[in-house]
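1. what shape does this take:
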Amino acid sequence: MDDAAAKQAIIDGMKAKSKSKSKFYFKDLTAMVPEIKTLHAKKILGQMVNEEILEYWSSGSTTFYGLKGAGKQQAGEGE
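-> Next up, the predicted model:
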């Protein structure tokens, strides 16, 4: 699986579960691409954040990943 296919698999997996959750643990996303090693999956997720496909969201103790613009937004908190 190349990086583009992995990115699309992650996006498709997140959209499929978007009705029940908008933020995902790192392990949830790596489970969507089981044929990719964890370190490489982390690199791909970092690229997706830099490309503004995904965004980080922190609960204060845990960092989650979410599709950009979906669900609770980090910037909208505290208003």
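
2. residue ranges of the helices in the protein, please?
-> 3-16, 26-32, 38-50 (DSSP state H).

3. Serialize those to CSV and add fields for mean neighbour count.
-> Where you see a C-beta, it was placed from the backbone N, CA and C, and this is true even at glycine. Shown next, in CSV, are the helices of the chain (neighbours: other C-beta atoms under 10 Å):
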stretch, mean neighbour count
helix 3-16, 15
helix 26-32, 16
helix 38-50, 15
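
4. just put those in a markdown table and tack on distance to Gly71 and mean pLDDT.
-> Shown next, in a markdown table, are those (distance: least, C-beta to C-beta, whole Å; pLDDT from 0 to 100):
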| stretch | distance to Gly71 | mean pLDDT |
| --- | --- | --- |
| helix 3-16 | 10 | 93 |
| helix 26-32 | 14 | 93 |
| helix 38-50 | 15 | 94 |
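
5. and of these, who's closest to Phe64?
-> Phe64 lies closest to helix 26-32 among those, at 8.3 Å (C-beta to C-beta).

6. so which residue is dead centre in this protein?
-> The centroid of the chain falls nearest to Tyr65 when counting by C-alpha atoms, centre = their mean (3.8 Å).
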